[in-house]
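Visitor: Sharing a sequence plus its predicted fold:
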Amino acid sequence: MAVIRFIPGDRSVVVPDGTNLLEAARKTGVFIAAPCDGSGTCGKCHVKIPEAQRGNFQEAPHGLLTPAERAEGWVLACQSTVHGNLEVEPGECADDDLKILSEGQAVAVELDAWITKTFDASTGQTTVNAGGVSIGNEPGDTTRSPFGVAVDIGTTTLVVALIDLRDGRELSVASSLNPQARRAQDVLSRIKIGSQPDGLRLLQGELIEELNRLISEAAAESNVPDRHIYEAVFSGNTTMLHLAAGTNPASLGKYPYIPALKCGGQIRAADVGLAIAPQGQIYLPPIMSAYVGADITSGILATRLAELRGVTLFVDIGTNGEMVLAVNGQLTATSTAAGPAFEGMNISCGMRASRGAIEMVSLSGDNIEIKTIGNAPPVGLCGSGLLDVVGELAAHGGVDKNGRFQSNGTLPERPWKNQFGSLNGKLFFCIADPVYLSQKDVRQVQLAKAAVRAGIDLMLRANGLAAAQVDRVLIAGSFGFHLRTASLIHLGLLPREFGDRVEFVGNTSKSGARAFLLNRRLRDKLKQLAQRVRVLELANDPAFQKTFVQALSF
């Protein structure tokens with residue numbers, strides 16, 4: 001048997017010799033990022049072991065850490081087994097350092113909540129109604145305590161907002177990392193895990209446990225008893241809703257990609273273990289397809305997309321590039337698999353948006369200018385910083401149109417030219433010690449941005465439109481809110497014609513969920529609207545591959 005002590009936090013666990021170090025951390029409740037779920041391909045679960053204890057573990061061979069990192073004591077937790085007592089220091093920032101956007105453009109709605117209360121003085125009881133139907137009685141007059149929660153279930157993050165259903169006020173907000181991201185960063189990997197009964201129970205259980213914690217945190221901050229929270233609106237992509245409801249997502253991963261979960265209605269909170277009122281309900285907003293989900297329906301509602309005149313493009317930039325084109329109220333939707341690069345995954349120095357992450361880079365001055373989250377010393381590169389630095393290099397000649405570094409004689413004289421170097425015989429660009437950008441990282445950005453751009457171009461083409469005819473571009477999502485228009489244009493993720501038409505609308509998944517919570521009539525209205533949306537399946541479009549290849553260029 002061996003004792004493993006995780007620092008900081010001073011959590012310990014006793015495990016048999018031969019135990020996998022990542023699994024030991026999970027049993028202890030210690031956060032170690034592992035987007036590949038321990039398969040040994042992402043290299044993100046690095047932990048540091050004291051020199052005196054380096055004989056107490058065994059690590060499988062791999063090439064994901066440099067000799068310098070190994071010399072400092074870094075190993076991969078998922079590839080290491082324990083053979084003696086260890087003191088382990090995880091390498092990624094804690095969840096509570098994450099920078100999560102909870103605000104988004106909101107729509108004003110008439111108060112007509114699904115949940116209402118009526119007090120009967122003759123019986124001394126309050127009746128709780130859902131959609132006009134009684135779902136239970138409470139002793140005394142509790143009519144001043146009807147509450148609900150608007151929940152944004154993102155692929156990477158979770159946001160819970162506590163709402164007073166009498167006046168629509170947002171009382172408190174709590175947010176965290178989606179615990180599923182520790183096991184699998186992208187949707188397709190979660191579909192694979194969730195397609196097995198044990199995997200589905202694991203993913204659902206971890207998610208609901210974390211949502212319960214966030215609901216309790218938000219309720220405690222506002223002195224609201226959990227038993228007076230009667231409804232939750234779950235806004236998220238189609239896969240996230242399947243996993244939250246405990247519905248097998250296997251059908252989402254194979255043709256013809258038909259969702260197994262019926263959305264646009266209620267399920268009982270108790271059936272999934274959500275710790276709100278015993279008779280509480282969960283509303284699942286309507287979805288449009290397997291890959292255009294309720295988060296986009298919420299975005300359509302929050303921005304009143306179907307009511308805007310002219311041509312409007314709504315894009316949620318993230319792991320899944322979901323987008324809607326509105327032409328005088330007629331909606332076309334599609335999605336592209338951008339992958340986890342925008343979240344800082346599969347990037348040499350990539351990390352989530354936590355303290356010390358570089359979130360902004362400028363090369364226009366005499367020196368490299370950076371901004372880190374919390375103004376802390378730089379420790380890694382989050383998604384917005386990644387797009388910034390690649391966009392700046394593309395704009396100033398540091399990479400050519402094909403994405404190749406230009407550090408030789410072809411690069412014009414720049415103050416930052418000497419930031420290029422060689423590591424293991426391969427070129428890299430040093431942003432700020434110890435954070436660098438590799439040629440492989442640039443390639444990951446190319447692939448991700450080309451997927452989004454191809455979706456935009458094909459959706460415009462399907463509607464007979466050119467980029468110049470788009471009147472406004474709405475960029476949604478927590479990640480999108482921290483981007484700069486210039487970087488998106490330099491990368492070619494957005495056409496140059498969009499330069500002065502971009503508006504960042506924030507977390508519309510949450511703000512749309514709040515609108516669903518406060519006005520029940522919107523539910524039928526958006527359900528009918530979602531059924532009328534034209535959905536483009538890019539996988540079936542013969543022009544996709546050619547358009548994607550063209551979009552790879554900067």
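Guide: Yes, it's here.
Visitor: Could you use CA atoms for every contact and neighbour count after this?
Guide: Will do.
Visitor: So, low pLDDT: which residues of the stretch 251-400 of the chain?
Guide: Applying pLDDT under 70 to the stretch 251-400 of the chain flags no residue at all.
Visitor: ok, now with 80
Guide: 318-319, 339-341, 343-345, 352-353, 365-366 (pLDDT under 80).
Visitor: the helices in it, which residues?
Guide: Here the stretch 251-400 of the chain has its helices, by DSSP state H, counting those that start in this stretch, at 269-272, 294-303, 383-395.
Visitor: for the stretch 101-250 of the chain, same thing?
Guide: For the stretch 101-250 of the chain, the helices defined by DSSP H, counting those that start in this stretch cover 187-194, 197-221, 238-245.
Visitor: Out of the ones you listed, which is the most enclosed?
Guide: Highest mean neighbour count among these (mean count of other C-alpha atoms under 10 Å): helix 238-245, with a mean of 26.
Visitor: Show me where the stretch 301-450 of the chain has its strands.
Guide: For the stretch 301-450 of the chain, the strands defined by DSSP state E, counting those that start in this stretch occupy 311-316, 320-327, 330-337, 357-362, 369-372, 380-381, 420-423, 426-432, 435-438.
Visitor: Give me the distance between the fourth one and the centre of its chain.
Guide: Distance, stretch centre to chain centre, for strand 357-362: 19 Å (C-alpha atoms, centre = their mean, to the nearest Å).
Visitor: Show the pLDDT at Pro90.
Guide: Pro90 carries a pLDDT score of 81 in this model.
Visitor: Tell me which residues touch it, please.
Guide: Counting by C-alpha atoms under 8 Å, 6 or more residues apart in numbering, Pro90 makes contact with Phe6, Ile7, Phe31, Ile32, Cys45, His46, Val47, Lys48.
Visitor: sorry, back to before: can you put the helices of the stretch 101-250 of the chain in CSV and add mean pLDDT?
Guide: Below are the helices of the stretch 101-250 of the chain laid out as CSV (pLDDT from 0 to 100):
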stretch, mean pLDDT
helix 187-194, 93
helix 197-221, 97
helix 238-245, 98
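Visitor: Which stretch among those approaches Asn418 most closely?
Guide: Across those, Asn418 has its closest neighbour in helix 187-194 (39.3 Å, C-alpha to C-alpha).
Visitor: tell me the angle the closest one makes with strand 320-327.
Guide: Relative orientation of helix 187-194 versus strand 320-327 (axes from the mean of the first three to the mean of the last three C-alpha atoms, to 10 degrees): 120 degrees.
Visitor: Helix 187-194 - contacts with which helices or strands?
Guide: helix 197-221, helix 238-245 (3 or more C-alpha pairs under 8 Å, 6 or more residues apart in numbering; DSSP states H and E).
Visitor: hang on, the earlier thing: would you mind giving the helices of the stretch 101-250 of the chain as a markdown table with distance to Arg304 added?
Guide: What follows is the helices of the stretch 101-250 of the chain, written out as a markdown table (distance: least, C-alpha to C-alpha, whole Å):
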| stretch | distance to Arg304 |
| --- | --- |
| helix 187-194 | 27 |
| helix 197-221 | 28 |
| helix 238-245 | 21 |
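Visitor: and of those helices, who's closest to Gly124?
Guide: Using C-alpha to C-alpha, the helices of the stretch 101-250 of the chain put helix 197-221 closest to Gly124, at 26.0 Å.
Visitor: Can you list the helices and strands that that closest one packs against?
Guide: Packing partners of helix 197-221 (3+ C-alpha pairs under 8 Å, 6+ apart): strand 157-164, strand 170-177, helix 187-194, helix 238-245.
Visitor: closest to Thr81 out of those?
Guide: helix 187-194 (23.1 Å).
Visitor: who touches that closest one?
Guide: In this structure, residues lying in contact with helix 187-194 by C-alpha under 8 Å, 6+ apart are 155, 180, 184, 199-201, 203, 239, 243, 248-250, 252-253, 319-320.
Visitor: now stretch 527-541
Guide: Outside stretch 527-541, the residues that touch it by C-alpha under 8 Å, 6+ apart are 264, 285-289, 297, 330-336, 455, 459, 544.
Visitor: Check the helices of the stretch 251-400 of the chain for me and report the most buried one.
Guide: Ranked by mean neighbour count, the helices of the stretch 251-400 of the chain are led by helix 294-303 with a mean of 28 (mean count of other C-alpha under 10 Å).
Visitor: Tell me the helices and strands packed up against that helix.
Guide: Counting by 3+ C-alpha pairs under 8 Å, 6+ apart, helix 294-303 packs on strand 229-236, helix 508-518, helix 521-532.
Visitor: Please repeat the previous calculation with a cut-off of 6 Å.
Guide: Here helix 294-303 touches strand 229-236, helix 508-518, going by 3 or more C-alpha pairs under 6 Å, 6 or more residues apart in numbering; DSSP states H and E.
Visitor: any idea how far that helix is from the chain center?
Guide: 16 Å.
Visitor: who touches it?
Guide: Ala106, Val107, Ser235, Gly236, Asn237, Pro285, Pro286, Ile287, Thr508, Ser509, Gly512, Ala513 (C-alpha atoms under 6 Å, 6 or more residues apart in numbering).
Visitor: ok, the residues you listed vs Ser384, which is closest?
Guide: Thr508 (18.7 Å).
Visitor: residues near the closest one, how many?
Guide: For Thr508, the neighbour count with other C-alpha atoms under 10 Å is 31.
Visitor: do the same with Glu503
Guide: Counted with other C-alpha under 10 Å, Glu503 comes out at 14.
Visitor: So which elements touch the helix or strand encompassing it?
Guide: Per DSSP states H and E, Glu503 falls inside strand 502-506. Helices and strands touching strand 502-506, by 3+ C-alpha pairs under 6 Å, 6+ apart, are strand 472-476, helix 478-481.
Visitor: JSON lines for the helices and strands packed on helix 187-194, including distance to Ala275?
Guide: Putting these into JSON lines (distance: least, C-alpha to C-alpha, whole Å) gives the following:
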{"stretch": "helix 197-221", "distance to Ala275": "6"}
{"stretch": "helix 238-245", "distance to Ala275": "14"}
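Visitor: mean pLDDT lowest for which of the helices and strands packed on strand 502-506?
Guide: Note on the helices and strands packed on strand 502-506: lowest mean pLDDT is at helix 478-481, with a mean of 67.
Visitor: which secondary structure elements does the very next helix or strand once past that helix contact?
Guide: Per DSSP H and E, the first helix or strand lying C-terminal to helix 478-481 is helix 485-491. If you count contacts as 3+ C-alpha pairs under 6 Å, 6+ apart, helix 485-491 packs onto helix 383-395.
Visitor: got the contact list for the helix it packs on?
Guide: Helix 383-395 is contacted from outside by Phe342, Glu343, Gly344, Ile358, Glu359, Met360, Val361, Val399, Leu483, Ser487, His490, Leu491, using C-alpha under 6 Å, 6+ apart.
Visitor: again, only using 8 Å
Guide: Residues outside helix 383-395 that contact it (C-alpha under 8 Å, 6+ apart): 341-344, 350-353, 358-364, 398-401, 403, 442, 445, 479-480, 482-484, 486-491, 554.
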